[in-house]
Every structure is written in C-alpha cells, then in structure tokens.
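>>> pasted the sequence and its predicted model underneath.
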Amino acid sequence: MFRRLMTPRPICNEDGRDVRGRRGGKAEARRKRGVAAGRLLVGLISCGKNKRYNMKSASLASFILATTSGRGAAAGKMAAVSESRVLGYTVYRWSSFSSTYLPENILVDKPNDQSSRWSSESNYPPQYLILKLERPAIVQTITFGKYEKTHVCNLKKFKVFGGMNEENLTELLSSGLKNDYNKETFTLKHKIDEQMFPCRFIKIVPLLSWGPSFNFSIWYVEINGIDEPDVVQPCLNWYSKYREQEAIRLCLKHFRQHNYTEAFESLQKKTKIALEHPMLTDLHDKLVLKGDFDACEELIEKAVTDGLFNQYISQQEYKPRWSQIIPKSTKALGDGEDSRPGMRGGHQMVIDVESETVYLFGGWDGTQDLADFWAYSVPDNQWTCISRDTEKESGPSARSCHKMCIDTQRRQIYTLGRYLDSSVRNSKSLKSDFYRYDIDTNTWTLLSEDTAADGGPKLVFDHQMCMDSEKHMIYTFGGRILTCNGTVDDSRATEPQFSGLFAFDCHSRVWKILREDSCNAGPEDIQSRIGHCMLFHSRKRCLYVFGGQRSKTYLNDFFSYDVDSDHMEIISDGTKKDSGMVPMTGFTQRATIDPELNEIHVLSGLSKDKEKREENVRNSFWIYDIVRNNWSCVYKNDQAIKDSPNKTLQEEEPCPRFAHQLVYDEIHKVHYLFGGNPGKSCSPKMRLDDFWSLKLCRPSKEYLLRHCRYLIRKHRFEERAQTEPLCALKYLQNDLYATVDHSDPEETKEFQLLASALFRSSSEFTPLGFSDVDHTYAQRTLLFDTLVNFFPDSMTPPKGNLVDLITL
C-alpha cells in the first residue's frame, strides 16, 4: 500500500543518476570525499592531543581542498529564479495511525469526506508524518486542507522540519491552523545567510489539537517549491560545501583554543579555509600569543572607528527613556488663553520631520468634540494655536476618532472620518467629508463632501490612513461604518459594518477600492477591523497591518500588502501562541515605523474593556524587526496604577491610557505622545493633556570602546597581580580606574572587588574545557572570545564548539 523504505542516495534522483544528468559519477565521489574528510578531522584531533602530527592523516586534507575550491562561488548563486510549483511526494514514515485513517489519505484533497485524513492512534508525543519528496527541492510553502466543517482533531499547534537527511532536520515552521474549513498556506524557512537550501524530507509534528485530549488529524498536505535541477543543484553544492567548511572551521577553532599549533597550521594550509577575518587573527596574535595589550586597545579603537561594531549595536535591546515635555507657557495673541492644547482623547497628530513640527487636530474632551488645530515646534518647545475652530475657516467641523496623514514633500495634511453619536445621525450628517490643509498657505480645501459618492469609503471611525508621498497616494483601511438607526431592514441591521482597503490618487482625486471587507481566510482576503495599526514602508513600498477588533473578537494577525503588485503576504496568522513574545491583543495600540532601521514600534496601553481595565493597567513598548521577523519587548511596566497613581512613577513615564496619539520623528529617532483617556472608573469623563517624548537608546560606540578597554585592562591587571602585586595595584588605581563609569553603581562595585585578585592564587580557577592548556593562554583565549562577540558574524569564527557535537 505504501512505498517501501528505500535507501536514500546522496544528491541524486530516484534512479541514482545525478539530477543534471552529466556528472553521474561525481555524486558518489563527493560522498567518499565527505567520509574521508570526517576521518581526517578525527585523525587531526588525535594528533593534536598527542602533540604529534601524522603526515598520512594530513594527506587526506587534499580531499577537503578539492571539495571547497573550484566552482564554490558560482555554486552559491542561481542564474535565474524559477517559479514555485506543486512538489510530488510520498508518505515515507509515520508515528502511528488509527483504523482506516491512513497516512496516504493526505495525498488527496476531499474536504467533504470525513474519512479522507490521517489520524494518529493517540495524542501522546511524538506523533509525526515524514514526507519524502520525489527529488531534492527548495521547499517554500506548505498548504493544509481541511474538512468542510470545524473539527476537534484539527491541528491547533504544529511544527514542520526539513532537510536532506531524515535524521538531521531543521525547524522550518512553528504555527497552527484555524478551526475552520479554509485551506491555509504557510511560508517555510528555506534560506541560510540569504542562500536557499534544499530538502528531501519534510516532517510534520502535531503538538496540540483543537479538542483537548483528541487525536491529531491532517486532511490534506500540498507542498510548493522549486525542484528544477538548474536551480536545486547549485544549492545542493553550496549546502554540501557549507557543511564541510563549517566542520573544518570548528576544528580550526578547537585546535587554536587548545594550542594545537601543528594541527591548526596543517589543516589551514591544506584546506586554505580561513577561520576568521585577518583583523581578528591579528588580534589573537597580539592578545593571546604575545600579550601586547596596548596594541590590542589600538586595534579595538580602529575597529570601532571603522564601524565594525555597528552590527552588534543594532542587535542590542533598546532602553526606553521617557521625558515629560513642559512647553513654554505663553498666552495666545488676543484671547488670553494658554497657548497649548487642553485635555482630550480621540484626537489626531502628525509630524513634519523636516521642520520638527507636530500638528494636532480635534478630539473629545469628555463632553464635546473639538475643532481646534495646533502646531508644536520641537526646537522652540512651544505650542502655537493655528485655529480655535477650523470650521470657521472653511475647514473640517469638530470631530474625534478621525484620521490624519501628512505629505512632507508637498507640506499638506489630509483628514478623513469621524465618530457621530447615534442621536445626531441622519442622511446629511453621515456624509464622509474629506479635507486637505496646506501648511505654507494656512488654508483648508474641501476635496469631497462625501467620499462614498466619489467611489471612496463611507463615513467611518477608528480606521487607518497612510500617505505614500512618492506616488502621491493615500491608503485607508478598516474602520466601522456609521449608519442611521433603523434604516436597514434585513437581519444585518444589528451587525457592525466595516470599510475595506481604498486608495486615493491625490493628483487626479480619484478613489479606487483595492479590497472589500471579507470574512473569508483566503490568501488575498482581508478582514476589516477597527482599532488596528497600519503603517507604510516607503522603501519596501508596502503596508503593514496588525491587530484590531472585529465585533467582539480581538484580532492578532499580521500581514503586509504590496501597493505596487497588489499582493498580500501573511506574516503571522495569529494562531501561534507565543505568550509574552508578541504584543497582547485586546489593548489599544499605537504604532510607528522606521524605514531606515526596518523597525516597527508599538506602544500598548490600557484596555478599552471596562471589565479588563483595572487589572491590566500597564504600558509596554514593542519592536518588530522586519528583516529578522521577530518581536522584542523593550519596556513593560507591570506596576498597577490605581485611582491614586504613584507620583514618582508619573513623573518618570506616562500612565497607561487609550485614545491617545503617538507620532515618530524618523530622522531624530524620537517619539511624541499626547493626551488620551486614563480609563478611571471613578472619573469616566477625565481626559489627559500631558505631553511626552520617548527616545530608544542602545549602547553607543563610545560606550563599547570604553567597555572593551575595561575588559583588556582588567585582564592585564589580573595577570600582573600574580607576579607583580605592587605594580598591579598602581595599575588598578590609575589605568583601570580610568575605564570605569563611577556614576554606575554596578560598575563601581565590580571595580572595587577587583582588588581581591591581589590575594588570589593563579591556580584557583581553571576555565572549563581548558585543563590541558596553560592558564595564561586559556584566560587570554576567553578574553579574545569575549571581544570577538562585538565584531560582525561574517568576520568571526564559528559560534559553536567542536566538543559540543559529542553526545553521551
């Protein structure tokens, strides 16, 4: 019934020939070279431990040289990128199956047949299916079909692994399926260092079903990727070379760490594989071999000056620095009122990064909508009231829950939407007006009395709007559509309606609908929502959308939309439960984007749900790294702030809130936050008027240079303390003292404890794994390994250690 277990053949197709058909004998030759290389490495380790060098073993290094030279560079690149297609496979192995629910059932898509599925015999781990592709391929996506109805055996959590050998698989995906009838497609990891790698085996591991204690079921699996020999073969060559090269580099690292000089030099000479960048080799020579600490400091200083520590800095966690802004207190001309915005929520802000000016319009003060318009100058630290009532100046009427965006190139601001109480809704008031403000001329222009009549969105609130200054386009998405009560006769009268995705051409003043609101979960369908975040990446030219609320359901999906290709990509479908590793759903979120750093910033504040409000009073700040596709929480305040908030805490950071506004100056890397609703149950009409700036700080180059000098001088002091205690004490009091930040309590305490080294025996501590190496050499090697961590990965030795490959 199932294809019998077959012996895998290396880098060749089912009939044993090379997949390109013109190197039939070289696949076996590569296999033999790999075996010989492995024997060589074991032999060299033995030689190194015995401090002897066996020439017979060393001669085998020529096999490695042949493998890692020649077409290596070309093998890592593809001449052309082919289109993905459905890949054929067989069910190669499985953990178990029950009754007639055979593993091979996943080959056929029959959503209306309840028996057309694989079902495990139990839900005890490990349960799995291993699929074998017809030939090696670049596996890009996997699609799961489902039963036509929801089912308790659907996979709520699962993982997918892949590789060329079933015993050595890499995790490609960790996710889960929605419990519905729609097919779901997931992107699989298929690149290492931007180079595609091939797979022959795919392993699907169910972890949790939607029904507690139910067995796992998979109905249908489709795998898509590239299996054209002209594309796959270079990737296979690169993959083979990459593994062999990394194995040799691990051996080189091990030999040098343990001072097996002859073995190190012989292996490096034969393979011509560099362990690291020449600068780091020079650092090792000066530090570990010669102990020239002054030269080491000079080399580190040069590395910092040349920007080699920039990658390390970019990978460090941010530390938030909140500062409350106290603007200059002046009186507005003529009216005697303070020239600063009052308390409000549901207002809108935009920032002109060129002039460092924040613009604020409208909002709700707890009793009424506002129509005032303000500008805050960052250099002058001063608010200016542009208009007390924009409606009197041919501008928009008082409003809240609207949206604004700014075209910084043309210095124009656009505003759309608003919230209306049900008591004042009628056919006239529900028209969606659309305004533009020209900063240079200080004039408002009515672009449309009703965007719905012009092919645009109906009157909405809590939507999102983004500006594409390059193409002079505006994108709006989501928001709840306001309707007159009792005007809809069908059953949908009580169901909220949501707006889709629209584009507005500012030049031609033409609206275009890009996506209707959809309840489906197709690959190009979008569920509209309110309270979500939408950002435009000006360099990648795509919109990022995440979070929000639809009726009573909080959404935590995350997707991007390419505005040029009209293509949507799911980044996260929201089924993966990474508790504490992603921003919490159900919280009002404010987001900004930095196209230069490829980062999305999210400030999560207070829940809008009254029943959740009191116990969830917290601020948290999250950063999404677009390149690395991962979230990180850089700040979280778990201290509850009740009706009488802590004054000290309030002075250091803003209290949790919703209906606030957050803007970001991407040039100067500063956020600005104003106002909002603190959610006080005892004061439901209370609104805030505090103004804050937020800077996200990472270690500077100067800090890292000082820290590296401290590490080098600390080690130099400890070496001197064993032979010249008096000289070491003087060095501690002067040279080492100069590298310490004495305003930092932790650094100061550590510095004070260093004096104990003057009374410590050199044999007290021997680094783990260095028992056969001179103590000084071992300690210097540890310092070298520490300093190497600050350099880019492309310059450094492998992160792992050879001995870690040994299993007990």
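Perfect, thanks for sending it.

>>> same for whatever helix or strand Phe373 lives in, what does it pack against?
Using DSSP states H and E, Phe373 sits in strand 369-377. With contacts taken as 3 or more C-beta pairs under 8 Å, 6 or more residues apart in numbering; DSSP states H and E, strand 369-377 sits against strand 357-364, strand 382-387. In short, each C-beta sits where N, CA and C put it, glycine included.

>>> between it and strand 382-387, how big is the angle?
140 degrees (axes from the mean of the first three to the mean of the last three C-alpha atoms, to 10 degrees).

>>> same question for the strand ranked longest in the chain, mean pLDDT?
Looking across the chain with DSSP state E, the single longest strand is strand 129-145. Computed over strand 129-145, the mean pLDDT rounds to 96.

>>> can you list the strands that that strand pairs with?
strand 89-94 (antiparallel), strand 184-187 (antiparallel), strand 199-209 (antiparallel), strand 220-226 (antiparallel) (DSSP bridges).

>>> Trp383: which of those strands is closest?
strand 184-187 (46.8 Å; C-beta to C-beta).

>>> give me the contacts around that closest one.
Contact with strand 184-187 is made by 140-144, 146, 160, 173, 175, 177-178, 521, 523, 569-570, 573, as judged by C-beta atoms under 8 Å, 6 or more residues apart in numbering.

>>> now that strand - C-alpha only, PDB.
What follows is strand 184-187, C-alpha atoms only, in PDB (Å, rounded to 0.1, in the frame of the first residue of the first chain):
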ATOM      1  CA  GLU A 184      -4.200  27.600   5.000                       C
ATOM      2  CA  THR A 185      -0.800  28.200   3.400                       C
ATOM      3  CA  PHE A 186       2.400  28.800   5.400                       C
ATOM      4  CA  THR A 187       5.800  30.100   4.200                       C
END
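
>>> next SSE downstream of that strand?
strand 191-192.

>>> within the sheet, what are the partner strands of the next helix or strand along the chain from that next one, with directions?
Proceeding N to C from strand 191-192, the next assigned helix or strand is strand 195-196, under DSSP H and E. Partners of strand 195-196 in the sheet, by DSSP bridges, are strand 191-192 (antiparallel).

>>> now the strand it pairs with: average pLDDT?
Here the average pLDDT along strand 191-192 is 85.

>>> now do the buried residues in the helix or strand in which Leu711 is found.
Taking DSSP H and E as the definition, Leu711 sits inside helix 701-723. Applying a neighbour-count criterion of 16 or more other C-beta atoms under 10 Å, one finds 704-722 buried in helix 701-723.

>>> what's the closest non-adjacent residue to the most centrally placed residue in the chain?
Per C-alpha atoms, centre = their mean, the C-alpha nearest to the average position across the chain is that of Asn630, at 2.4 Å. Once flanking residues are discounted, Asn630 sits nearest to Tyr624: 7.4 Å by C-beta to C-beta, 6 or more residues apart in numbering.

>>> shaky segments in the stretch 51-200 of the chain?
51-82 (pLDDT under 70).

>>> switch the cut-off to 80
The stretch 51-200 of the chain contains residues with pLDDT under 80 at 51-82, 193.

>>> what ranges do the helices span in it?
All helices of the stretch 51-200 of the chain, identified by DSSP state H, counting those that start in this stretch, fall at 55-58, 61-68, 72-75.

>>> just the stretch 451-600 of the chain next, same as before
Using DSSP H, counting those that start in this stretch, helices in the stretch 451-600 of the chain do not occur.

>>> the closest residue to Asp180 other than its chain neighbours and Ile593: what is the separation?
Using C-beta to C-beta, 6+ apart and skipping residues adjacent in sequence, the residue nearest Asp180 is Thr150, 6.1 Å away. In this view, Thr150 and Ile593 are 36 Å apart by C-beta to C-beta, to the nearest Å.

>>> ok, the two, which is more surrounded?
Ile593 (22 against 13; other C-beta atoms under 10 Å).

>>> how far away is the residue nearest to the more buried one when sequence neighbours are not counted from Ile313?
The spatial neighbour of Ile593 that comes closest, neighbours along the chain excluded (C-beta to C-beta, 6+ apart), is Leu535 at 4.1 Å. Distance of Leu535 to Ile313, computed by C-beta to C-beta: 24 Å.

>>> repeat for Ala659
Taking C-beta to C-beta, one finds Ala659 at 36 Å from Ile313.

>>> list the contacts for the nearest residue to Asp564 once chain neighbours are set aside?
Leaving out its chain neighbours, the residue that sits closest to Asp564 by C-beta to C-beta, 6+ apart is Arg541, at 5.6 Å. Arg541 is in contact with 468, 562-564, counting by C-beta under 8 Å, 6+ apart.

>>> need the residues you listed in CSV (columns: distance to Arg93, neighbour count and pLDDT).
Output for those, formatted as CSV (distance: C-beta to C-beta, whole Å; neighbours: other C-beta atoms under 10 Å; pLDDT from 0 to 100):
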residue, distance to Arg93, neighbour count, pLDDT
Asp468, 50, 19, 97
Asp562, 39, 14, 95
Val563, 45, 21, 96
Asp564, 44, 9, 95
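
>>> between the contacts of strand 184-187, which is nearest Ser122?
Nearest to Ser122 among these, with distances taken as C-beta to C-beta, is Leu177, at 19.7 Å.

>>> around the closest one, count how many other residues there are.
Around Leu177 there are 23 residues (other C-beta under 10 Å).

>>> also Arg687?
Neighbours of Arg687 using other C-beta under 10 Å come to 23.

>>> that one and Gly346: what is the separation?
9 Å.

>>> now do the shared contacts for these two.
What both Arg687 and Gly346 touch, as defined by C-beta under 8 Å, 6+ apart, is the set 363-364, 677.

>>> now, which of these sits nearest Glu393?
Gly363 (17.8 Å).

>>> per-residue pLDDT, the spatially closest residue to the closest one that is not a sequence neighbour?
Nearest residue to Gly363, sequence neighbours excluded (C-beta to C-beta, 6+ apart): His347, at 3.0 Å. With respect to pLDDT, His347 scores 97.

>>> His347 contacts Val358, correct?
No. The pair His347 / Val358 is not scored as a contact, 11.5 Å apart, by C-beta atoms under 8 Å.

>>> list the residues that contact both of those two?
Phe674.

>>> so between these two, which is more surrounded?
His347 (28 against 20).

>>> and the gap between the residue nearest to Gly363 and Gly395?
15 Å.

>>> Asp735 too?
66 Å.

>>> also Lys799?
59 Å.

>>> and Glu171, by the same measure?
In terms of C-beta to C-beta, Glu171 sits 55 Å off from Gly395.

>>> those two: who's more crowded?
Gly395 (21 against 14).

>>> report the contact partners of that one.
Gly395 neighbours (C-beta under 8 Å, 6+ apart): 371, 373, 387, 435, 437, 444.

>>> would you mark the buried spots in the helix or strand hosting Thr786?
Using DSSP H and E, Thr786 sits within helix 775-788. For helix 775-788, the neighbour count (16+ other C-beta under 10 Å) marks 775, 778-781, 783-785, 787-788 as buried.

>>> sweet, I'm off.
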